[in-house]
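Q: I need the structure of the sequence given here:
(one chain, ligands or ions: 1)
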Amino acid sequence: MEENSLTVLGCSSATPNSVRFPSSQILHALGKYFLLDCGEGAQMQLRRAKIPFENINVIFISHLHGDHYYGLFGLLASLNLTGRKTPLVIYGPEGLEKIVRFLFQNTEQTLIFPIFFKTLPKEPFACIEEKKNYKLYSIYLSHRIDCWGFYYVENERERNISKDAIQKYNIGIEEIKCIKQGSDLTLENGDVIPNSELTTDPPRPFSYAYIADTMFKPELAEYVKGTRLLYHEATFLDNHSDLALKTFHSTARQAAEFAKLAHVEKLIIGHYSARYKSLAGHLQHASEVFDNVELAMDLYSYSPDRTPYCVWQPKTN
Ligand SMILES: [Zn+2]
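A: Next comes the predicted model:
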């Protein structure tokens, strides 16, 4: 799986159908794998996408509707069977730990690796993990039960200093640090070499926002402003907007309005109601509001700056 990409493992809402599994997706960035929701069959989809289970560092469960986490038990049991030793961090709603521990205790299985359950805070926007190069945030959504979105954002990186410049001007370690942060270089004779002659731009930081089940919450767009990749649930079309309100879900058009408000680079819509035979309406409605829209499809990989592609080659024998 390539860096800075999202692979959708499942994008159906409520029940699976013959081409779509329930919600699950995996984000790969800075060498880490974040599993976002774990609907039934997620481990099967991970196999198909050739993502080893043991690579998963963090699991994030948005809410306790079954289509978002019934696959967790099977995945954890498989991690046990394959001998995982590395600790696993699971972010989720209050109650998730109890449910998981209850299941394993009552089937007399002992998990052989440590799991650190972390309860998501009921704050509109909260930093849940801060590392040297990135931060994770939770976003409190508005669904029938407590539900959270997930936001991954990398820190700005230092500028790349050229080796030629270091040699040419015999630049010392302390000066290199300053130049990487944008300073110019002052030579002994007083000449100033501008930073632009010494460095090149670093890679743009990657960011991804996952807006799971929610009614349209435009006020949350400011939290993920400028994110490079956004997945927003789009369960319904305009003709079912009453149903969207009643069930605390969004329409494809609202997902696009959120993307527009947040000035994101690319929008992926998914979590389609099984009542729609075709997704043409979802794409059309969203595209009327926002330019860069992709339909989520199971086992497709998404990145801000390229066309999605399928990661699974079904075996024919
Ligand atoms: Zn739900």
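Q: break this protein into its domains for me.
A: Domain assignment for the chain, taken from automatic domain parsing, gives 5-154+204-310, 160-199.
Q: ok now stretch 206-223, how far from the chain's centre?
A: Distance of stretch 206-223 from the chain centroid (Cα atoms, centre = their mean, to the nearest Å) equals 11 Å.
Q: that stretch spans what distance, first to last residue?
A: 15 Å (Cα to Cα, to the nearest Å).
Q: re earlier: how about the domains of the chain, which one is nearest the ion?
A: Nearest to the ion, of all the domains of the chain, is domain 5-154+204-310, at 3.5 Å by Cβ to the ion. Just so you know, the C-beta spots here come from the backbone N, C-alpha and C atoms, and that holds for glycine as well.
Q: which parts of this structure sit against the ion?
A: 65, 213 (Cβ under 5 Å from the ion).
Q: farthest residue from the center of the chain?
A: N189 (50.9 Å; Cα atoms, centre = their mean).
Q: possible to save the domains of the chain as TSV with distance to T316 and mean pLDDT?
A: Listed next are these as TSV, based on distance: least, Cβ to Cβ, whole Å; pLDDT from 0 to 100:
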stretch	distance to T316	mean pLDDT
domain 5-154+204-310	14	96
domain 160-199	46	93
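Q: deepest of the ones you listed, which one?
A: Most buried of the domains of the chain by mean neighbour count (mean count of other Cβ atoms under 10 Å) is domain 5-154+204-310; its value is a mean of 19.
Q: relative to the whole chain's centre, how far out is it?
A: For domain 5-154+204-310, the distance to the chain centre is 6 Å (Cα atoms, centre = their mean).
Q: what bridges to the closest residue in space to Y223 that isn't next to it in sequence?
A: Nearest non-adjacent residue to Y223, counting by Cβ to Cβ, 6 or more residues apart in numbering: F125, 4.5 Å away. Listed by DSSP bridges, the beta-bridge partners for F125 are I139.
Q: ok, F125 - contacts?
A: 137-140, 151, 220, 223 (Cβ atoms under 8 Å, 6 or more residues apart in numbering).
Q: once you drop chain neighbours, what's closest to V153?
A: Leaving out its chain neighbours, the residue that sits closest to V153 by Cβ to Cβ, 6+ apart is S207, at 4.2 Å.
Q: could you do Y152 as well?
A: Computed as Cβ to Cβ, 6+ apart, the closest residue to Y152 that is not its neighbour in sequence is Y208, at 4.8 Å.
Q: the helix or strand containing that neighbour: what's the following helix or strand?
A: Using DSSP states H and E, Y208 sits in strand 207-211. Downstream of strand 207-211, the first helix or strand assigned by DSSP H and E is strand 229-233.
Q: in space, what's closest to L220 - neighbours in sequence excluded?
A: Counting by Cβ to Cβ, 6+ apart, the residue nearest L220 is I139, at 5.8 Å.
Q: let me fix that: F73
A: L103 (5.7 Å).
Q: for P194, same thing?
A: P194 sits nearest to D184 (Cβ to Cβ, 6+ apart), 5.2 Å away.
Q: is it correct that Y140 is in contact with E123?
A: Yes - at 6.1 Å, Y140 counts as touching E123 under the criterion of Cβ atoms under 8 Å.
Q: quick one on the thing from earlier: just confirm the residue farthest from the centre of the chain is within a helix.
A: No - N189 is assigned coil when assessed by DSSP: H, G, I helix; E, B strand; the rest coil, not a helix.
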